[in-house]
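S.K.: Predicted model, plus sequence, below.
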Amino acid sequence: MARPARTLPRWGKAATASVLVAAFAQFFANPAVAETDRERASARRLASEGAKAFSAGDYERAVDRLRRAEKLVHSPVHLLYIARAQRQRGKLVSAQENFLKITREELGPDDPRPWRDAQRNARRELAKLEPRVPLVTIEVMGKGADEATVVIDGDETPPELIGVAQPIDPGKHKVMVKAPGRRSKTVKFSIGEGDTKTLSLKLRKRKASEPEDDDDVSDDGDASSAVPYVAIGVGAAGLLAGGFFFFRWQSLTAEADDKCGGSTRCSDPALKREITDLDNQAATASALGFVGVGVGAAAITVGILMLNSGDKAEARRAPSVQPFVGWRSAGVSGRF
């Protein structure tokens, strides 16, 4: 996220504004960079307004005024403070590009000193900014991926950037993928400064009645793509639980057998009750073992089938299971 702006006391803000205005005034005093007198005067006024807005923490206004001044009369000083204001607003990608633009400008010894100072400061600040810029990788899966277009926050991304890391501003974003007759869900995600994130979006067939830019939204990846893996995870847990109860069943049965030395008859009533209790526990463990293994195997089967299903309609037709436990009975029911 963007770093909070540091506040200055009133006298500090006034001093900062004065320094900025003086720097811009020194630049405009050089006749070599002037256009017409009216443009030069207007640019100077806009730059002064931008400097005051920047020192007051109104970075949006500062960017607006300095951009207008830059269109009238070019100056690396304009670009420097535009980049700084963008950085304060969390627009790190734009700030990075403006810093870079200043560093690449060829300046000579006769250029105004504020220009050369701006270039030196831009180099230093660019080096500090670059590690803060987040990177996101958008991977596209499913039929039509070769013709896919990625749309981030409403802007189309060149196909050359699909599957590779690209810079993005920190904060909240929306991304979706579309291809002829197909599209993915619109995915919301958040990313912080210096973070890297990979999102995998799956194309699915778009219905004729479905608008191409609807609001079918999920968070941090296509929600439907996670369901099969959850099912497989539940299945693995079921198998482990079933194995544990089967082991418990064998252990209780062996303990009951050992009470009478393996004989099926035992004359001591107290011992009979103890053996009966062990047998009941063993029966319960056996039932739970069968339930665990049954549910686990079925859930893994569902997960695998869902992974192989292309669209939601197929997922809805996928097998479903439901365990049941009754008096001295247990099992699973469902659709296969």
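M.R.: Here it is on my side, so go on.
S.K.: hey, let's count contacts and neighbours off CA atoms from now on
M.R.: Noted.
S.K.: Sticking with E193, tell me its helix or strand.
M.R.: For E193, there is no host helix or strand (DSSP states H and E).
S.K.: Please disregard the earlier target; I meant E60.
M.R.: Counting by DSSP H and E, the element that carries E60 is helix 59-72.
S.K.: how about that helix: buried residues?
M.R.: By neighbour count on 16 or more other CA atoms under 10 Å, the buried set for helix 59-72 is 59-70, 72.
S.K.: Also compute the angle for the next helix or strand after it relative to helix 59-72, please.
M.R.: Sequence-wise, the next helix or strand downstream of helix 59-72 (DSSP H and E) is helix 76-88. Using axes from the mean of the first three to the mean of the last three CA atoms, to 10 degrees, the inter-axis angle of helix 76-88 relative to helix 59-72 is 150 degrees.
S.K.: for the helix or strand following helix 76-88, what is the average pLDDT?
M.R.: The C-terminal neighbour of helix 76-88 among helices and strands, as given by DSSP H and E, is helix 92-104. Mean pLDDT, helix 92-104: 97.
S.K.: so how far is helix 92-104 from its chain's centroid?
M.R.: Taking CA atoms, centre = their mean, to the nearest Å, the mean C-alpha location of helix 92-104 is offset from the chain mean by 25 Å.
S.K.: and if you look at stretch 284-291?
M.R.: With CA atoms, centre = their mean, you get 42 Å for stretch 284-291.
S.K.: Let me see the ranges of the helices in the stretch 201-336 of the chain.
M.R.: In the stretch 201-336 of the chain, the segments counted as helices under DSSP state H, counting those that start in this stretch are 223-259, 269-308, 312-316.
S.K.: Dump those to CSV, plus distance to R104, mean neighbour count and mean pLDDT.
M.R.: Shown next, in CSV, are the helices of the stretch 201-336 of the chain (distance: least, CA to CA, whole Å; neighbours: other CA atoms under 10 Å; pLDDT from 0 to 100):
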stretch, distance to R104, mean neighbour count, mean pLDDT
helix 223-259, 44, 18, 74
helix 269-308, 50, 20, 76
helix 312-316, 51, 13, 42
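S.K.: Out of those, flag the one nearest A85.
M.R.: Among the helices of the stretch 201-336 of the chain, helix 223-259 comes nearest to A85, with 36.9 Å by CA to CA.
S.K.: That closest one: how far from the chain's middle?
M.R.: 35 Å.
S.K.: Next, the angle helix 269-308 makes with that helix.
M.R.: Using the same axes, to 10 degrees: helix 223-259 against helix 269-308 is 160 degrees.
S.K.: what packs against helix 223-259?
M.R.: helix 269-308 (3 or more CA pairs under 8 Å, 6 or more residues apart in numbering; DSSP states H and E).
S.K.: If we use 10 Å, what do you get?
M.R.: Helix 223-259 sits against strand 196-202, helix 269-308, helix 312-316, with contacts defined as 3 or more CA pairs under 10 Å, 6 or more residues apart in numbering; DSSP states H and E.
S.K.: closest one to A241 among these?
M.R.: Nearest to A241, of the helices and strands packed on helix 223-259 and by CA to CA, is helix 269-308 at 5.6 Å.
S.K.: Centre of the chain to stretch 159-177, how far?
M.R.: 9 Å.
S.K.: nope, stretch 37-47 is what I meant
M.R.: Chain-centre distance of stretch 37-47: 44 Å, with CA atoms, centre = their mean.
S.K.: List the buried residues of that stretch.
M.R.: Going by 16+ other CA under 10 Å, stretch 37-47 has these buried residues: R40, A41, S42, A43, R44, R45, L46, A47.
S.K.: Output those residues as CSV; include the columns secondary structure.
M.R.: Shown next, in CSV, are these (DSSP: H, G, I helix; E, B strand; the rest coil):
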residue, secondary structure
R40, helix
A41, helix
S42, helix
A43, helix
R44, helix
R45, helix
L46, helix
A47, helix
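S.K.: Reformat those residues as JSON lines; add distance to S200 and pLDDT.
M.R.: Shown next, in JSON lines, are the buried residues of stretch 37-47 (distance: CA to CA, whole Å; pLDDT from 0 to 100):
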{"residue": "R40", "distance to S200": "51", "pLDDT": "91"}
{"residue": "A41", "distance to S200": "52", "pLDDT": "93"}
{"residue": "S42", "distance to S200": "49", "pLDDT": "94"}
{"residue": "A43", "distance to S200": "47", "pLDDT": "93"}
{"residue": "R44", "distance to S200": "49", "pLDDT": "93"}
{"residue": "R45", "distance to S200": "49", "pLDDT": "95"}
{"residue": "L46", "distance to S200": "45", "pLDDT": "96"}
{"residue": "A47", "distance to S200": "45", "pLDDT": "94"}
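S.K.: from those, which single one is nearest G243?
M.R.: Scanning the buried residues of stretch 37-47 for proximity to G243, where the rule is CA to CA, the winner is A47, at 74.8 Å.
S.K.: Surely that closest one touches R67?
M.R.: Yes. The criterion here is CA atoms under 10 Å, and A47 meets it with R67 at 8.7 Å.
S.K.: Low-confidence stretches in the stretch 1-150 of the chain?
M.R.: 1-35 (pLDDT under 70).
S.K.: Can you report how many residues lie near the residue nearest to A118 when sequence neighbours are not counted?
M.R.: Once flanking residues are discounted, A118 sits nearest to V77: 5.6 Å by CA to CA, 6 or more residues apart in numbering. Using other CA atoms under 10 Å, V77 has 24 neighbouring residues.
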